[in-house]
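Visitor: structure for the following, please:
(2 chains)
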Amino acid sequence: MRRKNIIAAVAIILLTVVYATLTAQLPTRSLPDTPGPTFFPWVNIFLLLVLSISLLISSIFTVKTVENSDEFHEGPRKTKSTVIAFISFILYLILLPSIGFVMATIPFFAAMMVLFSEKRFLQIIIGSITFTVFFYILFRYGFNIFLPTGNWQNLLGAFS
Amino acid sequence: MNPDILIGISQATGIIVLFSSCIGVLIGLTVGMIPGLTISTGIIVLLPITFVLPPDVSIALLLGLYVGGMTGGSFSAILLNIPGTPSASATAIDGYPLAVRGDAGRALGIAITASFIGGVVSFLFLLFIAPILANFALHFRTEDMFSILLFGLTIICSFATKSLIKGLLSAVIGLSIVTIGQDPVMGTQRFTFGQVNLMAGIHFLTAMIGLFAIPQLISNINSNNNAKGRVKEKLSSIIPNRLDFKKIRSPIAIGSTIGAFLGTLPGAGGPIAAFISYDYAKRLSKNPEEFNKGAIEGVAAPESANNAVTGGALIPMMTLGIPGDPVTAILIGALIVHGLAPGPLMFLERADFAYGVIFSFFWANIFNFCIAILSVKYLVKVLATPTYLLMPCLAVLCVIGSFALRNNFFDVYIMLIFGLIGIFMKWLDMPIVPLLLALVLGSQFEENLRVALTASQGDVSVFVNSPISLSFIILSLISVIWSLRTARKKKRSIRA
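Guide: Predicted structure coming up:
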């Protein structure tokens, strides 16, 4: 916990420096004796710095207790699954606008099923297609939410 | 009778509204009982649907889910010793031993009955206190509103977090995120980097989907949540008999009162109310030695408390626009999407709708009792639903939910960024709830602070000159000091 608190404090201090730099570049139009658009960001910057420095100091001077030394370690296999899940999610979101909801969701759903320990091939195929089509029909025709259908004309045009 | 109450009753008793309340309860019971899914996740999943439904129908659906979810959490706590929601943790202490003893049906019946009574008591709290508080809140000035919001933020950091500093940091990060977009007083663009999509700021529902659902998805991969299981035992004698009812009367009264009261405090929430009620019921019991071994009072007290919290949490949400927990924060979002801002003005301008919400809450409790009692035998089969189907569905619904909010794919990317922030915060053991609350309240917080300072020509004493503002500032300080003292005591006991 101690190590994590130090990481959190340092990360927030760095982000606050970026936030302060951007705030300093904001227009400062204001009437006399009235707080302008930069007033609230500066209040936040002050609070972020005070709190993160307090966290840093208290973490550095904290005596290592049994609780504090009990760091959380994930197994390598679990970390790998997390990374794969996140990459699949990012790929899914990149592909979704161009190839459409149905075409992007089927492989994503299948990948997620595999990550959640489903090994049977037929179940994966049936599950991913059924749920994707179900969601598409439900939202498109049931609730009038126009999910992305893809930009196939542009995609095919790029290959021809 | 007040004509707005009559309109509210008729609004809440429309066929479609009642039907949507039933569906909400059914989904809530299901979502609540599945370990790994929370009520917030259930509401996030339903959000895209509520955007296209009329406000009365969507709020009935969400309230049904809220009430049902609280009860559903107890099913897995009793049958599997795994609380479906954090609020049901105290129920497992005596509920599971009862199930092991072969009294699972009895324990479930008591949990359902206690939930119902807790819910109805909190409905009465809501019905009688909310209009009075809203009327009182109409006299609040900007400095008073600022101090109330400050109190809401500090109390959630004190109650709902393990570390006060981390809780406050999380809240200030949320307040900083709120500064993206148009400044609420002068309309100046801040931190938009020329992006048209950022001009209206970051919608807190998009952020909420990412903050709650994505870390949950990832943690379920990590834990490979195999909480699912088949209930082999046949459930019988679900409706409590007269003797049982006599035994659980006072625990229910204790739980309902504590729950409804604690529900009004932002951040206190279901788990705290459930444990406090359990403790009180044990202390006041004639047979405290039976607790932890399968005492029905130990199921009744926490279950009535966690359902009573729901009505209590709706009081600050509806009268002041301050959410008490993530669920009421999402409810505020759902109302705002429909152009209805909860707060004192709601009781002035749309009192009919406000009463409609209150009576929808009542119906949700009635349906929750009926559906749970009649179908608990069949509902528990949901516990066998495989995670490999639930979690991909959750991921896809997160995308649909954030896209459907403004029909804009930019929001989906924002959801993903907040998902990353949520994962990082969880890894650092930083609480997410204060950030969420800050995202909901941040804009009002800044607006009230700046307007009050402008009116007083920059004189900060305006916040201590008003008695209401001063009271809430003192309460904020007390909550901070109380939290610091508790942390110091805990540290000392660890060292000892």
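Visitor: skip the chain neighbours and tell me the closest residue to residue 149.
Guide: No chain was given, so I picked chain A. In space, and not counting its chain neighbours, A:Thr149 is closest to A:Gly100: 4.7 Å by CB to CB, 6 or more residues apart in numbering or on different chains. Every residue, glycine included, has its C-beta placed from N, CA and C.
Visitor: other chain: chain B
Guide: Using CB to CB, 6+ apart and skipping residues adjacent in sequence, the residue nearest B:Leu149 is B:Phe445, 4.7 Å away.
Visitor: dihedrals phi and psi, the residue nearest to A:Thr149?
Guide: As for A:Gly100, its main-chain torsions (degrees, to the nearest 10) stand at phi 90, psi 160.
Visitor: does it touch A:Arg140 like I think?
Guide: No: under the criterion of CB atoms under 8 Å, A:Gly100 makes no contact with A:Arg140, lying 11.3 Å away.
Visitor: give me the common contacts of those two.
Guide: Common neighbours of A:Gly100 and A:Arg140, counting by CB atoms under 8 Å, 6 or more residues apart in numbering or on different chains, are A:Leu147.
Visitor: the two: who's more crowded?
Guide: Neighbours of A:Gly100 and A:Arg140, each counted by other CB atoms under 10 Å in any protein chain shown, are more numerous for A:Gly100; the result is 18 against 15.
Visitor: I figured B:Asn448 was touching B:Phe140, is that so?
Guide: No: counting by CB under 8 Å, B:Asn448 does not reach B:Phe140; the two are 9.5 Å apart.
Visitor: for the spatially most central residue of chain A, which non-adjacent residue is spatially closest?
Guide: Against the mean C-alpha coordinate of chain A, by CA atoms, centre = their mean, the closest residue is A:Phe86 at 8.8 Å. In space, A:Phe86 comes closest to B:Ile218 once its chain neighbours are excluded; the distance is 7.4 Å by CB to CB, 6+ apart.
Visitor: ok, now B:Val57?
Guide: Once chain neighbours are set aside, the closest to B:Val57 by CB to CB, 6+ apart is B:Ser20, at 4.8 Å.
Visitor: and the pLDDT for the one you found?
Guide: As predicted, B:Ser20 sits at a pLDDT of 94.
Visitor: got a list of what the residue nearest to A:Thr149 touches?
Guide: Neighbour list for A:Gly100: A:147-150, A:152 [criterion: CB under 8 Å, 6+ apart].
Visitor: ok, 6 Å please
Guide: A:148-150 (CB atoms under 6 Å, 6 or more residues apart in numbering or on different chains).
Visitor: circling back to that earlier point, who has more neighbours, B:Asn448 and B:Phe140?
Guide: With other CB under 10 Å as the criterion, B:Asn448 and B:Phe140 differ in neighbour count, and B:Asn448 comes out ahead with 23 against 20.
Visitor: with adjacent residues omitted, what lies nearest to the more buried one?
Guide: Counting by CB to CB, 6+ apart, the residue nearest B:Asn448 is B:Phe146, at 4.0 Å.
Visitor: the one you found reaches B:Glu447, doesn't it?
Guide: No: here B:Phe146 does not reach B:Glu447: they are 8.9 Å apart, not a contact under CB atoms under 6 Å.
Visitor: on that earlier part again, for A:Phe39, see how far away the residue nearest to A:Thr149 is.
Guide: Distance of A:Gly100 to A:Phe39, given as CB to CB, to the nearest Å: 46 Å.
Visitor: other SSEs contacting the helix or strand hosting B:Ile112?
Guide: Using DSSP states H and E, B:Ile112 falls within helix B:104-137. Using 3 or more CB pairs under 6 Å, 6 or more residues apart in numbering or on different chains; DSSP states H and E, the elements in contact with helix B:104-137 are helix B:55-80, helix B:89-100, helix B:242-263, helix B:297-320, helix B:344-349, helix B:351-379.
Visitor: would you format those as a markdown table with mean pLDDT and mean neighbour count included?
Guide: A markdown table is the format used below for the helices and strands packed on helix B:104-137 (pLDDT from 0 to 100; neighbours: other CB atoms under 10 Å in any protein chain shown):
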| stretch | mean pLDDT | mean neighbour count |
| --- | --- | --- |
| helix B:55-80 | 88 | 30 |
| helix B:89-100 | 84 | 24 |
| helix B:242-263 | 87 | 22 |
| helix B:297-320 | 89 | 32 |
| helix B:344-349 | 82 | 17 |
| helix B:351-379 | 91 | 21 |
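Visitor: and these: which comes nearest B:Val327?
Guide: helix B:55-80 (5.4 Å; CB to CB).
Visitor: between that closest one and helix B:351-379, how many degrees?
Guide: Orientation of helix B:55-80 against helix B:351-379 (axes from the mean of the first three to the mean of the last three CA atoms, to 10 degrees) gives an angle of 30 degrees.
Visitor: how about the contacts made by B:Pro184?
Guide: B:443, B:446-447.
Visitor: tell me the pLDDT of it.
Guide: Here the pLDDT value assigned to B:Pro184 is 83.
Visitor: quick one: it from B:Arg190, how far?
Guide: Counting by CB to CB, the gap from B:Pro184 to B:Arg190 is 10 Å.
Visitor: likewise B:Ser176?
Guide: B:Ser176 sits at a distance of 11 Å from B:Arg190 (criterion: CB to CB).
Visitor: so between those two, which is more surrounded?
Guide: Neighbour comparison, B:Ser176 and B:Arg190: the larger count goes to B:Ser176, with 24 against 19 (by other CB under 10 Å).
Visitor: so that one, which of the three states?
Guide: Three states are possible here, and by DSSP: H, G, I helix; E, B strand; the rest coil the one that applies to B:Ser176 is helix.
Visitor: excluding its backbone neighbours, what's nearest it?
Guide: B:Ser176 sits nearest to A:Asn44 (CB to CB, 6+ apart), 4.5 Å away.
Visitor: need the contact partners of the helix or strand hosting the one you found.
Guide: Here A:Asn44 sits within helix A:39-60, counting by DSSP H and E. When contacts are taken as CB under 6 Å, 6+ apart, the neighbours of helix A:39-60 outside the stretch itself are A:2, A:5-6, A:9, A:12-13, A:16, A:19-20, A:23, B:165, B:168-169, B:172, B:175-176, B:179, B:446.
Visitor: buried stuff in the helix holding B:Ile112?
Guide: When neighbours are counted by 16 or more other CB atoms under 10 Å in any protein chain shown, the buried residues of helix B:104-137 are found to be B:104-123, B:125-127, B:129-131, B:133-134, B:137.
Visitor: how far off centre is stretch B:463-480?
Guide: A distance of 25 Å separates the C-alpha centroid of stretch B:463-480 from that of its chain, computed with CA atoms, centre = their mean, to the nearest Å.
Visitor: a markdown table for the helices and strands packed on helix B:104-137, including distance to A:Arg120?
Guide: As requested, the helices and strands packed on helix B:104-137 are exported to a markdown table (distance: least, CB to CB, whole Å):
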| stretch | distance to A:Arg120 |
| --- | --- |
| helix B:55-80 | 25 |
| helix B:89-100 | 32 |
| helix B:242-263 | 45 |
| helix B:297-320 | 38 |
| helix B:344-349 | 52 |
| helix B:351-379 | 26 |
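Visitor: tell me the SS of A:Asn144?
Guide: Secondary structure of A:Asn144, per three-state DSSP, is coil.
Visitor: mind listing the helices for chain A?
Guide: Taking DSSP state H as the test, the helices found in chain A are A:2-24, A:39-60, A:66-69, A:76-99, A:101-115, A:121-137, A:152-159.
Visitor: for the shortest one, what is the average pLDDT?
Guide: Think helix A:66-69. In this model, helix A:66-69 carries a mean pLDDT of 48.
Visitor: state the helix or strand in which the residue nearest to B:Leu149 lies.
Guide: Short version, using DSSP H and E: B:Phe445 is in helix B:433-455.
Visitor: where does pLDDT dip in chain A?
Guide: Segments of chain A classed as low confidence (criterion: pLDDT under 70) are A:29-30, A:63-78, A:153, A:155-156, A:158-160.
Visitor: one more pass at 50, please.
Guide: Using pLDDT under 50 as the threshold, the predicted model of chain A has low-confidence ranges A:67-72.
Visitor: now do stretch A:112-128: everything it contacts.
Guide: A:81, A:85, A:106, A:109-110, B:221, B:387-388, B:391-392, B:395.
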